[in-house]
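Asker: everything below, folded, please.
(one chain, ligands or ions: 1)
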Amino acid sequence: MHNFTYEQPSTIDKAVSSSGRFIAGGTTLVDLMKLGVELPSALVDVTALPLDQVEVLPNGGLKIGAMVRNSDLANHPEVLKNYAVLSQALLSGASPQLRNMATTGGNLLQRTRCPYFRDPSSGACNKRDPGSGCAAMEGHHRMMAILGTSDHCIATHPSDMCVAMTALEAVIHVQGAKGTREIAIGEFYKLPGDTPEIENVLEPGDLITHVTLPPVADTKQVYLKLRDRASYEFALASAAVVAHVEDGRIRSVRVAMGGVGTRPWRSHGAEVALTGKAPSVATFHAAAEAALKGARTHPENAFKVELAKRCVVRALKMATA
Ligand SMILES: Cc1cc2nc3c(=O)[nH]c(=O)nc-3n(C[C@H](O)[C@H](O)[C@H](O)COP(=O)(O)OP(=O)(O)OC[C@H]3O[C@@H](n4cnc5c(N)ncnc54)[C@H](O)[C@@H]3O)c2cc1C
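Answerer: Residues are numbered from 1 along each chain as shown. Next comes the predicted model:
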């Protein structure tokens, strides 16, 4: 049994000045503690912090507290009305019981489902034990990433919510020892490179306080998730599309993918291939080609290239119909 202390601060300042590992819904962290992958000596429960509100901002955007539960966010009237891609992504993830526990902050920081990371007895993992190697390279890699990988790690980023937030250009707000700061979601996650254990730009002790979404007028939004089972399963490939079509042309579009990248994967290449064009199957295929350019596969996950292309094409059809 691994011993740890527990405290539940009621203010953000107290939480930030505590030294320990933040725990919110616990649906990732407690699992990893039981598996012996994470062994924090102190837990700082952040669920009593006043960060559980969703508010419309004066500019028409949205402010989402870090403690807002995934189920509450998915069903919030403002999200249903203006950020459908986020609601769809959240509802495609996990199970109702898990969504009732999981929080916005915790979802942003959930860790990979790579089996070699999650099971210390299963083989080497540079993310869990830096410098030990990567058993997934020569092992089972059907679920692994094909974009953004390195010779040290091919673990997939698992979140659905973060893919939608990437397409929505979310901004993550943090409070830490050095004060507050804002980080665009596109700058938040790091590629594995030769330090796959460093997954994002947070400093130790940084608390995510909230996320803001810019306004998204006149867009049609789609989250499409392809997986082995219809529910309670992580994505093999997913696509989030936020598109504005006017006078028969795609005036603006944002495309992000899940299940294929080592981080939530935005495809600027796909967006360039689409912008200014009339929606057509040929244009969607060109965008999908651009989105998967540079994919590096292993024998068991090579199918993801074609699957992800079809996912992008289908999501684009739906978002521009
Ligand atoms: C069986 C199962 C199936 C699942 N299926 C899916 C799926 O299909 N799609 C999907 O996207 N997800 C899925 N998930 C993952 C689930 O969405 C995450 O576990 C959940 O979102 C994590 O939120 P939490 O509040 O429970 O985080 P916690 O477990 O409490 O914390 C996760 C991490 O975030 C840190 N943290 C939490 N809050 C903050 C904060 N405010 N500031 C700084 N750090 C913080 C913690 O220290 C920890 O490192 C599944 C999980 C399970 C167990």
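Asker: chain center to stretch 55-62, what's the gap?
Answerer: 22 Å (Cα atoms, centre = their mean, to the nearest Å).
Asker: try stretch 128-148
Answerer: In terms of Cα atoms, centre = their mean, the centre of stretch 128-148 is found 19 Å from the chain centre.
Asker: ends of it, what's the gap?
Answerer: 18 Å (Cα to Cα, to the nearest Å).
Asker: hmm, it in reach of the ligand?
Answerer: No. Stretch 128-148 lies out of reach of the ligand by Cβ under 6 Å from any ligand atom, never closer than 11.8 Å. Yep, even glycine has a C-beta here, placed from its N, CA and C like the rest.
Asker: where along this structure do the helices fall?
Answerer: 12-17, 29-34, 70-74, 77-82, 84-91, 96-101, 104-108, 115-118, 161-167, 185-188, 268-274, 281-291, 303-320 (DSSP state H).
Asker: pick the most deeply packed of those.
Answerer: Across those, the average number of neighbours (mean count of other Cβ atoms under 10 Å) peaks for helix 161-167, which reaches a mean of 29.
Asker: residue contacts, the residue lying closest to Gln88 once chain neighbours are set aside?
Answerer: Nearest residue to Gln88, sequence neighbours excluded (Cβ to Cβ, 6 or more residues apart in numbering): Tyr223, at 3.9 Å. Listed by Cβ atoms under 8 Å, 6 or more residues apart in numbering, the contact set of Tyr223 reads Val85, Leu86, Gln88, Ala89, Ser92, Asp160, Val163, Ala164, Ser238, Ala239, Ala240, Ala315.
Asker: likewise Arg21?
Answerer: Applying Cβ under 8 Å, 6+ apart, we find Arg21 in contact with Leu29, Glu38, Pro40, Ala42, Leu43, Val44.
Asker: tell me the residues on the stretch 151-300 of the chain that lie near the ligand, please.
Answerer: Close to the ligand, as judged by Cβ under 6 Å from any ligand atom, the stretch 151-300 of the chain has residues Pro158, Ser159, Asp160, Met161, Leu207, Ile208, Phe234.
Asker: tell me the spacing between the third one and Lys14.
Answerer: So that's Asp160. 32 Å (Cβ to Cβ, to the nearest Å).
Asker: for the ligand, what's its nearest residue on the stretch 101-250 of the chain.
Answerer: Gly106 (2.1 Å; Cβ to the nearest ligand atom).
Asker: give me the nearest residue to that residue, chain neighbours excluded.
Answerer: Ala24 (4.0 Å).
Asker: now Met257
Answerer: Leaving out its chain neighbours, the residue that sits closest to Met257 by Cβ to Cβ, 6+ apart is Trp265, at 4.5 Å.
Asker: I'd guessed that neighbour sits against Ile146; true?
Answerer: No. Using Cβ atoms under 8 Å as the test, Trp265 is too far from Ile146 to be in contact (9.7 Å).
Asker: ok, now which ones touch the residue most central in space within the chain?
Answerer: What sits nearest the mean C-alpha location of the chain, by Cα atoms, centre = their mean, is Cys162, with 2.7 Å. Neighbour list for Cys162: Asn107, Leu108, Ile185, Tyr189, Gly258, Pro264 [criterion: Cβ under 8 Å, 6+ apart].
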